[in-house]
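# quick one: sequence and predicted model below, then my questions.
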Amino acid sequence: MKALMQKYLPLMRELFLYGIVGVTTTLVNLALYWVFTRSMGMPYLAATFLAFALSTVYAFFTNKIFVFESKSWRPAVLRREAVSFFSARAVSCVLDFAVMAVGVHFFPAWDFLIKVLDNILVIILNYLFSKFLVFRKESSGA
């Protein structure tokens, strides 16, 4: 039992923290989308992009520090992480745009519900990118 706990406890902790960060990132994204579309009258795709971009900056730092505990702030490490993080999130942004464009085209009154459901897909994809591409543990101890 102890061996199982030692093996899976770090993963459970990481998933729990990613869940918290993912929820807060989603809340930032949804709140910004709401403000941009409802308060400022911005078109939904422009609001989608801007909310995604701003929440991605928040997500980078919270994932780096709290979830994946990437301790290095060396310029080379930070640059590699940032480039790979934002590149991976660009893929997520394409998915975000596609889901919103198709969903809102067919169900324009449900844009916010579509945005919420869309974020579930994006969260899953982003976790996989972050875990296996961005904040992967380096064997050199970097």
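Structure received.
# quick one: low-confidence parts of this structure?
138-142 (pLDDT under 70).
# now the helices: where do they sit in this protein?
With DSSP state H as the criterion, the chain has helices at 2-34, 44-62, 75-106, 111-129.
# out of those helices, which gets nearest to R136?
Nearest to R136, of all the helices of the chain, is helix 75-106, at 9.1 Å by CB to CB. Quick note: C-beta positions are derived from backbone N, CA and C, even for glycine.
# give me the helices and strands touching that closest one, please.
helix 44-62, helix 111-129 (3 or more CB pairs under 8 Å, 6 or more residues apart in numbering; DSSP states H and E).
# mind checking the helices of the chain for the one nearest to K137?
helix 2-34 (10.7 Å).
# just the angle between that closest one and helix 75-106, please?
60 degrees (axes from the mean of the first three to the mean of the last three CA atoms, to 10 degrees).
# can you list the buried residues in helix 2-34?
Residues E14, L17, Y18, V21, G22, T25, T26, V28, N29, L30, L32, Y33 are the ones in helix 2-34 that count as buried (16 or more other CB atoms under 10 Å).
# in JSON lines, list those residues along with distance to V77.
Listed next are those as JSON lines, based on distance: CB to CB, whole Å:
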{"residue": "E14", "distance to V77": "19"}
{"residue": "L17", "distance to V77": "20"}
{"residue": "Y18", "distance to V77": "20"}
{"residue": "V21", "distance to V77": "20"}
{"residue": "G22", "distance to V77": "23"}
{"residue": "T25", "distance to V77": "22"}
{"residue": "T26", "distance to V77": "27"}
{"residue": "V28", "distance to V77": "25"}
{"residue": "N29", "distance to V77": "26"}
{"residue": "L30", "distance to V77": "31"}
{"residue": "L32", "distance to V77": "29"}
{"residue": "Y33", "distance to V77": "32"}
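# the helices and strands packed on helix 75-106 into CSV, with extra columns for mean neighbour count and distance to V104?
Shown next, in CSV, are those (neighbours: other CB atoms under 10 Å; distance: least, CB to CB, whole Å):
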stretch, mean neighbour count, distance to V104
helix 44-62, 18, 6
helix 111-129, 17, 5
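# thinking again about what came up before, out of the buried residues of helix 2-34, which comes closest to K7?
E14 (12.8 Å).
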